[in-house]
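S.K.: Sequence and predicted structure are below.
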Amino acid sequence: MGEALLQRRLEERGVDAVVSSAGLLAGGAPATEPAVEAMAAEGLDISGHLSRQVTTDLIDEADLVVAMARQHLIEVTLMAPAAWPRMFQAVDLVRRAEEVGRRPEDQPFADWLAAVGEGRTRSAILAASLSDDVADPVGQPAAVYNRTKVLLDDLLTRLAALV
């Protein structure tokens with residue numbers, strides 16, 4: 001859901017970006033029916049989506065890695081420690097980005113992202129609030145998918161407006 005929502009919000013703002021998702025579990029699983037339905041209500045078709053497992057190559061190629069939960073951020077940080085400056089938990093990323101403000105058109109994305117991440121430490125991940133986690137709705141009722149969709153759309157709309 002996050003991939004489709006962020007791609008849409010970036011396209012609406014004319015941001016040329018490739019958005020892709022990956023997770024910690026083995027890949028190849030289709031989007032769940034409640035996810036497909038939740039996104040269809042937004043005019044987005046994710047019925048052909050297949051999950052894929054995150055790899056160090058994917059992390060290394062990414063300009064930005066957005067984790068939904070603290071544990072996900074810990075895992076990708078352990079996988080590719082050198083990519084730390086480009087890895088954030090979604091809620092924390094948006095909070096920090098809003099503090100820094102909108103990226104000027106002439107500022108390289110990497111420079112803006114460095115400003116957003118200024119002062120972060122890897123050890124602070126362990127003390128981060130679990131309330132910043134965007135919970136995975138898999139296995140939950142459709143209402144939970146819809147709440148997750150609304151939360152993600154809010155976060156990713158705010159992020160897209162800043163980048």
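M.R.: Received it, and whenever you're ready, just let me know what you need.

S.K.: tell me the secondary structure for the residue nearest in space to the middle of the chain?
M.R.: Centroid check for the chain by C-alpha atoms, centre = their mean gives Val66 as the closest residue, at 3.5 Å. Under the three-state scheme (DSSP: H, G, I helix; E, B strand; the rest coil), Val66 adopts strand.

S.K.: Which residue, other than its chain neighbours, is closest to it?
M.R.: The spatial neighbour of Val66 that comes closest, neighbours along the chain excluded (C-beta to C-beta, 6 or more residues apart in numbering), is Ala90 at 5.2 Å. Backbone N, C-alpha and C define where each C-beta goes, glycine included.

S.K.: now the residue of the chain most remote from its centre: how far from Trp112?
M.R.: If you look at how far each residue of the chain sits from its centre, by C-alpha atoms, centre = their mean, the farthest one is Asp106, at 24.0 Å. The gap separating Asp106 from Trp112 is 11 Å, by C-beta to C-beta, to the nearest Å.

S.K.: so where do the strands sit in the protein?
M.R.: For the chain, the strands defined by DSSP state E cover 65-67, 87-89.

S.K.: Partner strands of the first one, with direction?
M.R.: Using DSSP bridges, the neighbouring strands of strand 65-67 in the sheet come out as strand 87-89 (parallel).
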